[in-house]
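Asks: the sequence and its predicted three-dimensional model are supplied below.
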Amino acid sequence: MKTLHLLRHAKSAWDDPGLPDRQRPLNKRGRRDAPRMGAALAAEMAPVDSFVSPARRACLTLAGLCEGWPALADCDHTVDEALYTFSAAALWRWLAATDSDRSSLFIIGHNPALTELINELLGQWQLDNLPTAGYARLSLSIECWSQLQAGCGQLQRLLIPRELPG
């Protein structure tokens, strides 16, 4: 059994149209939501190592999570170029190549890749959109990451910022 934690980066700013996509920062809502999500996740789970897209908005989301979840800051965080993708197929390949010794993975990435990956792992379309700063935890009925297959997942938790108090 494997556990997959997926978090979409918090809301990014679009106020500088000349800025390359990778360099876009978080907007006001994103800077507010990331720490709130960190605090909410801290209340439900132990901190875990994370793998993060190199996009600035994803790295700033991780920083915000750590602000709200200080114990997360003590974990290992790996920025991985392969996670700057909008393709579920690319994420699938990345997951399938992961060391089987890892019982869980926490990824901070992008849509539509995350939403599509969730639905493929669930084996049916259950989620129309993982919103910005949205979190999904899936339990996967596999022993090795290389055994990923459509329908091997079960959605254990879906948490989105608008459900949080305050």
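Replies: Now that the structure is in, tell me what you want to look at.

Asks: what segments of the chain are strands?
Replies: Using DSSP state E, the strands of the chain run over residues 2-8, 50-52, 77-79, 104-109, 135-140, 153-159.

Asks: kindly reformat these as a markdown table containing mean neighbour count and distance to A42.
Replies: Just so you know, the C-beta spots here come from the backbone N, C-alpha and C atoms, and that holds for glycine as well. Output for the strands of the chain, formatted as a markdown table (neighbours: other CB atoms under 10 Å; distance: least, CB to CB, whole Å):
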| stretch | mean neighbour count | distance to A42 |
| --- | --- | --- |
| strand 2-8 | 22 | 13 |
| strand 50-52 | 22 | 13 |
| strand 77-79 | 14 | 16 |
| strand 104-109 | 23 | 13 |
| strand 135-140 | 21 | 12 |
| strand 153-159 | 16 | 12 |
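
Asks: figure out which of these is closest to S146.
Replies: S146 lies closest, by CB to CB, to one member of the strands of the chain: strand 2-8, at 10.8 Å.

Asks: the closest one pairs with which strands?
Replies: Strand partners for strand 2-8, identified by DSSP bridges, are recorded as strand 104-109 (parallel), strand 135-140 (antiparallel).
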